[in-house]
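Let's see this in three dimensions:
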Amino acid sequence: QVQLVESGGGLVQAGGSLKLSCTASGSIFSINAMSWYRQGPGKQRELVATDLTGYNPSYEDFAKGRFTISRDNAKNTVYLQMNSLEPEDTAVYYCYARVKGSRFGPNSGYWGQGTQVTVSS
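I've put the predicted structure just below:
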C-alpha cells in the first residue's frame, strides 16, 4: 500500500504564490508518474500538471506559465509551485501517483487526501 500526503495549501491573495508538496511512502519500487489535480467548488476534478518519468512535464492550458511541477525522486516527493494565483484557482488540490510496488508487479494509482487552496480577490 502507498500513502500520499500533501501539504502547503492555504489562503493567499490574488497575485500571490503557494508551493504544494506531496510525499509518497509505503510499498514503492518505482514511481512512473506524479500529477496534481484540483476540484473547485461545484466543479469536476481536473488535471493540472503531470511529471511523467523520463519526459518533460506537461500542463493544462490554465496552468502554463504560472504553475511549475517538479519532483525529488530521492524523497518520492512532487511539488507544485503556483504563481500569479487567481480566485479561479480556488480548489482542493490532489496529488496522484502511479506506482509500481515491486519489480514485476503492476502499476497502481493512488490519491492523496487533498489540500485546500483559497485565493481571495
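
how about the strands in this protein?
2-7, 10-13, 18-26, 30-39, 46-52, 58-59, 67-72, 77-82, 91-100, 107-111, 115-120 (DSSP state E).

okay if I get those as CSV plus mean neighbour count?
To be clear about C-beta, it is placed using only N, CA and C from the backbone, and glycine gets the same treatment. Output for the strands of the chain, formatted as CSV (neighbours: other Cβ atoms under 10 Å):
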stretch, mean neighbour count
strand 2-7, 17
strand 10-13, 13
strand 18-26, 18
strand 30-39, 20
strand 46-52, 18
strand 58-59, 16
strand 67-72, 17
strand 77-82, 22
strand 91-100, 21
strand 107-111, 14
strand 115-120, 17
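
Excluding chain neighbours, what is closest to Gly15?
Counting by Cβ to Cβ, 6 or more residues apart in numbering, Ser84 is the residue found nearest to Gly15 once chain neighbours are left out, at 6.2 Å.

same check, this time on Tyr96
Ser35 (4.5 Å).

cool, Thr68 as well?
Per Cβ to Cβ, 6+ apart, closest to Thr68 is Gln81, 4.4 Å.

Can you give me the end-to-end span of stretch 35-55?
13 Å (Cα to Cα, to the nearest Å).

I meant stretch 44-63, not that one.
Start-to-end, stretch 44-63 (Cα to Cα) is 17 Å.

if we look at that stretch, which residues are touching it?
30-39, 67-71, 78, 80, 88, 93-94 (Cβ atoms under 8 Å, 6 or more residues apart in numbering).

hmm, 10 Å instead?
If you take Cβ atoms under 10 Å, 6 or more residues apart in numbering as the criterion, stretch 44-63 is touched by 20, 30-40, 64-71, 73, 78-80, 82, 86, 88-89, 91-94, 96-98, 111, 114.

what is the mean pLDDT for that stretch?
Averaging pLDDT along stretch 44-63 gives 96.

Quick one: distance of it to the chain centre.
Distance of stretch 44-63 from its chain centroid, counting by Cα atoms, centre = their mean, to the nearest Å, is 9 Å.
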